[in-house]
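Chemist: Sequence unavailable; structure follows:
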């Protein structure tokens, strides 16, 4: 695991997107296609904007997946991750993707997890663009996380810290409005990605960053498992890196 500390969140977004773009181009050059995972949330705003503007990517050879979705969430809801990725990424690209496999939050969650999981197993991931939650989660794998899950996607319960983050970022009017269950890509599936580009700006993430980077690998800080990945880079700004020794 490597760290890249940037002066601002805008610089973080540029550097993370630049690395990710190069990895996508390399995969296309090597095998004629690329498969990517995209995260959502406020931490990904700058990176996604830069990725959409990246040059020399044949997006028609790229297949995308996303990490998680609230159970019962319609795509019309402002907090829908499907809506987020469609509005902020898929619809802004200069050409259509080969495919983007959304998780349907209104479908039967077990059946939907299996459906997208089967597709994912046929598309080894070249680049995963992810973040870290305030409670140290990866995707919606809150602590204590399952490091041994065998399924590509899990049905998970969201803890209060996770739900408070979603409310605090402005996606919901009140904490009570935040769903308490979601479909989430499992941590072992995330770690199967050939490369991981992790964007983590803002002071509110500093404690989680310190635990993930400087603490032991533990289920109580799910993002600490990134220490064991062979090609993971965590992009920080000065605020999110402020507690590192």
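Modeler: Received it, and whenever you're ready, just let me know what you need. All values derive from a computational prediction rather than experimental measurement. Numbers count the residues shown, from 1 in each chain.
Chemist: Tell me who's in contact with the residue nearest to residue 210 when sequence neighbours are not counted.
Modeler: Distances taken as Cβ to Cβ, 6 or more residues apart in numbering put residue 243 closest to residue 210, at 4.3 Å, once the chain neighbours are dropped. Heads up, the C-betas are built off the backbone N, CA and C, glycines and all. Counting by Cβ atoms under 8 Å, 6 or more residues apart in numbering, residue 243 touches 206, 207, 209, 210.
Chemist: Out of these, which end up buried?
Modeler: Using 16 or more other Cβ atoms under 10 Å as the burial test, the contacts of residue 243 include 206, 207, 209, 210 as buried.
Chemist: quick one: which of these sit in helices?
Modeler: Counting by DSSP state H, the buried ones among the contacts of residue 243 place 206, 207, 209, 210 in helices.
Chemist: The first one: what's it in contact with?
Modeler: The reference is to residue 206. Counted by Cβ under 8 Å, 6+ apart, residue 206 has contacts 239, 240, 241, 242, 243.
Chemist: Could you measure from the third one over to residue 112?
Modeler: Read it as residue 241. Look at residue 241 and residue 112: by Cβ to Cβ, to the nearest Å, they are 37 Å apart.
Chemist: more neighbours, the two?
Modeler: The neighbour comparison of residue 241 against residue 112 (other Cβ atoms under 10 Å) goes to residue 241, with 23 against 20.
Chemist: The closest residue to that one other than its chain neighbours: neighbour count?
Modeler: Closest residue in space to residue 241, ignoring its immediate chain neighbours: residue 5 at 4.8 Å, by Cβ to Cβ, 6+ apart. As a burial measure, residue 5 scores 15 neighbours (other Cβ under 10 Å).
Chemist: so which helix or strand takes in residue 5?
Modeler: Here residue 5 is covered by strand 2-6, with elements defined by DSSP states H and E.
Chemist: May I ask which two of the buried ones among the contacts of residue 243 are separated the most?
Modeler: Spanning the widest gap among the buried ones among the contacts of residue 243 are 207 and 209, at 7.3 Å by Cβ to Cβ.
Chemist: ok, residue 229 - how many residues close by?
Modeler: Neighbours of residue 229 under the rule other Cβ under 10 Å: 18.
Chemist: my read: it touches residue 191, true?
Modeler: Yes. Using Cβ atoms under 8 Å, residue 229 is in contact with residue 191, at 5.8 Å.
Chemist: hmm, who's touching the helix or strand of the chain with the lowest mean pLDDT?
Modeler: Least confident element among the helices and strands of the chain, by mean pLDDT, DSSP states H and E: helix 160-168 (a mean of 92). Outside of helix 160-168, the residues within contact range by Cβ under 8 Å, 6+ apart are 79, 133-135, 137, 140, 142, 172, 174-175, 177-178, 180, 204.
Chemist: right, and the helix or strand after it?
Modeler: Sequence-wise, the next helix or strand downstream of helix 160-168 (DSSP H and E) is strand 181-185.
Chemist: Please work out the angle formed by the directions of that next one and helix 160-168.
Modeler: Using axes from the mean of the first three to the mean of the last three Cα atoms, to 10 degrees, the inter-axis angle of strand 181-185 relative to helix 160-168 is 100 degrees.
Chemist: I'd like to know the average pLDDT value across the next helix or strand after strand 181-185.
Modeler: Later in the chain than strand 181-185, the nearest helix or strand by DSSP H and E is helix 187-191. Regarding helix 187-191, the rounded mean pLDDT is 98.
Chemist: Which other helices and strands does helix 187-191 contact?
Modeler: Helices and strands touching helix 187-191, by 3 or more Cβ pairs under 8 Å, 6 or more residues apart in numbering; DSSP states H and E: there are none.
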